[in-house]
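Engineer: Below are the sequence and a predicted model for it; my questions follow.
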Amino acid sequence: MTDETLETVLTENRVFEVPAEFAEHARIAGMEQYLDMARQATQDYEGFWAEQARQEITWSKPFSQVLDESNPPFYKWFADGTLNVSYNCLDRHIEAGNGDRPAILWEGEPGDTRNFTYAELLEEVGKLGNALKSYGVEKGDRVVIYMPMVPEAVVAMQACARIGATHSVVFGGFSAEALKDRIEDAGAKVVITADGGIRGGKTVALKKNVDRALNEGCDTVEHVVVLQRAENEIDWTEGRDVWFREIMERESADCAPEPVEAEHPLFILYTSGSTGKPKGVVHSSAGYLLGAITSMKWVFDIGEDDVYWCTADVGWITGHTYIAYGPMAVGATQVMYEGAPTVPDPGRLWSIAERTGTTVFYTAPTAIRALMKQGDEWPNKHDLSKLRLLGTVGEPINPAAWMWYYQVIGGGRCPIVDTWWQTETGSHMISPLPGAVPLKPGSCTLPLPGVMADVVDEEGNTVEPGSHHGGLLVLRRPVPSMLRTVWGDDQRYIDTYWSHFPDQYMYLAGDSATRDEDGYFWILGRIDDVINVSGHRMGTMEVESALVAHDKVAEAAVVGRPDEVKGNSIFAFVILQGKREDEDLEALREALRAHVTDEIGAIARPDEIRFADALPKTRSGKIMRRLLRTIASGEEVTQDISTLEDENVVRQLQGKA
Ligand code: WTA
């Protein structure tokens, strides 16, 4: 991927100017306005963010402190202010007379639909907030949400925010085992789930996974709230399990929003790193909300007439910031879809976009590539003329997919915002402002105002734009929306993000990047052992530990292999406890795939597994990962392998021996 991306950077020179018609109505129009904002932020960093925070957030108690850097890297923003995030997302729109505005236009995979206005959503949130309180959930308690893509998932998140509980959403595709780890790490009191989710025509047995997780531990959990969705059969534990709709019926909708401190943890979201178990990224209330709001306005240029649609799942950060919080906080109307993009046919997304009159559409490059493969006839069947802005997130987009998105989906008239950010940054960091910044396919262009992104060398010195050198992507100043720590592990927070450069605190993103002559950022890939599979972050170590937990496996090494659609596929090299000859390798492959699916979830299932007698290691015992990546990609091995104990191992790994 990296070489290919670098190739792109060096050869891609198309520039797409801002369409005049778009600029005419844009919130931020023209390069001058962007530069002006960026300049203000540089000149008075705290003043810039303080002004945004005063304008965009309705405070319960105004703040007087802006950025507190007294104990780096534990930064605090607006610390003496208090607010309620759910008030900012719901009540304030209703108080402004917009209670009847549609908030969520939901469509289920089977074709059922449900719509909620802001007023209706507030009722749901109030009832669930009261129900959680009746189960003893108090400010600061943790609630795990393990839900399909239904409006109640957003209701659950907002209800936690309303009463000051800290939620942790676990993606519905994660296994019982992965769910258990997260529930235990967070110490959740309540789990909110559904009987099942529906995807690709199948039922995802969510409640069953919750039962399995709770049977194996999770002693802190007192109640499980179960929404009926798929109507699959489930087991029931009296006294612990309660039906979502039953408790909603008996609760009052009147639930006063609990003001919390600006730094109060709104949520924990687990994400993969290069070592150990997934880490619980902790987000604040005010700073996080501010990033969500400013980016909705600056990057998505969101306005009253827009119908906005982000196709992410609420289990990922994109679904948090750009479904559950951002669109709500700015009072937008958004589309939410439950199922697979190809059910009943590959035109599903375009059909929904047409029927809802979607104007702003946000998805991942992997989805674009998958739908592009299905052919132009699918989008061409639908009227997509309402679209005015497109976005991508999650991985670099290759220029071919960019051009298809631009021309076939956007009709050549919609800017594409290629948004670079991370679970840790909470909101967009580098992205075109569509009315201001000319586009280059494959580049996320320029940092947002108030984001001091840079590309540096190992010593932390800026790599000059246009020098054709790659470097480490960093943020030179803490931004309001970024993570505050790793849940329960401050040291890991320091080590992972803030310890790379001696004597200075700079946030290390974990990506490499380069900048061209115009200062445009081009993301080259991860610098660690994290791979990007279909836009999802996967730690190779996580998959390796899942594999070695199988009793036939002695050792495993996992690498990413470039994949036309997924970005990367998962390639595992496995060394067995016994002799390879004694095993039915095909059956074992399947068993190992199933085992990883059980341990983590289907997203971690290895696409390919190759068995060998040993892993290639240096004399000092380090696995030669670069060599494994070369082998996985099927490229010729040009690395020096003379240090290997047994050169025949390479032939085995190549599948030749
Ligand atoms: C990658 C997703 C290139 C990057 C919001 C980052 C991107 C990781 C882009 C974060 C982009 C995200 N161009 N690469 N526009 N957006 N990435 O935490 O490697 O799931 O570090 O957050 O995805 O993934 P995460």
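Structural biologist: Perfect, thanks for sending it. It should be emphasised that the depicted structure is a prediction, and the values quoted were computed from it without experimental measurement.
Engineer: Check which residues of the helix or strand containing Val650 are buried.
Structural biologist: Per DSSP states H and E, Val650 falls inside helix 648-653. Using 16 or more other Cβ atoms under 10 Å as the test for burial, helix 648-653 gives 649-650, 652-653. C-betas here are computed from N, CA, C, even on glycine.
Engineer: which other helices and strands contact that helix?
Structural biologist: strand 608-612, helix 625-632 (3 or more Cβ pairs under 8 Å, 6 or more residues apart in numbering; DSSP states H and E).
Engineer: Any chance you could list what contacts stretch 42-50?
Structural biologist: Contact with stretch 42-50 is made by 37, 40-41, 63, 66-67, 77-78, 290, 449-450, 452, 477, 480, as judged by Cβ atoms under 8 Å, 6 or more residues apart in numbering.
Engineer: got those residues as TSV, with distance to Glu222, neighbour count and secondary structure columns?
Structural biologist: Formatted as TSV, those follow (distance: Cβ to Cβ, whole Å; neighbours: other Cβ atoms under 10 Å; DSSP: H, G, I helix; E, B strand; the rest coil):
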residue	distance to Glu222	neighbour count	secondary structure
Met37	48	19	helix
Gln40	49	15	helix
Ala41	46	22	helix
Phe63	35	20	coil
Val66	39	19	coil
Leu67	38	19	strand
Trp77	33	28	strand
Phe78	33	29	coil
Leu290	34	28	helix
Pro449	45	22	coil
Gly450	42	22	coil
Met452	44	18	coil
Arg477	42	20	coil
Pro480	34	25	coil
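Engineer: ok, which pair from the buried residues of helix 648-653 is furthest apart?
Structural biologist: With Cβ to Cβ as the measure, no two of those lie farther apart than Val650 and Gln652, at 7.2 Å.
Engineer: Quick check on Gly164: phi, psi?
Structural biologist: phi 80, psi 10 (degrees, to the nearest 10).
Engineer: how far away is the nearest residue to it once chain neighbours are set aside from Ala161?
Structural biologist: Of all residues not flanking Gly164 in the chain, Lys139 sits nearest, at 3.4 Å (Cβ to Cβ, 6 or more residues apart in numbering). According to Cβ to Cβ, to the nearest Å, Lys139 stands 11 Å off from Ala161.
Engineer: Comparing these two, which shows the higher neighbour count?
Structural biologist: Of the pair Lys139 and Ala161, Ala161 is the one with more neighbours under other Cβ atoms under 10 Å, namely 31 against 14.
Engineer: Write out the residues of this structure neighbouring the ligand.
Structural biologist: Proximity of the chain to the ligand, by Cβ under 6 Å from any ligand atom, involves residues 271, 316-318, 393-396, 418-423, 444, 509-511, 523, 526, 532, 537.
Engineer: Just give me the neighbour total for whichever residue of the stretch 351-500 of the chain sits closest to the ligand.
Structural biologist: In the stretch 351-500 of the chain, the residue that lies nearest the ligand is Thr423 (3.4 Å; Cβ to the nearest ligand atom). Thr423 has 19 neighbouring residues, counting by other Cβ under 10 Å.
Engineer: picking that back up, filter the residues of the chain next to the ligand down to the buried ones, PyMOL style.
Structural biologist: Of the residues of the chain next to the ligand, the buried ones go into a single PyMOL selection, burial set by 16+ other Cβ under 10 Å:
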select buried, resi 271+316+317+318+393+394+395+396+418+419+420+421+422+423+444+509+510+511+523+526+532+537
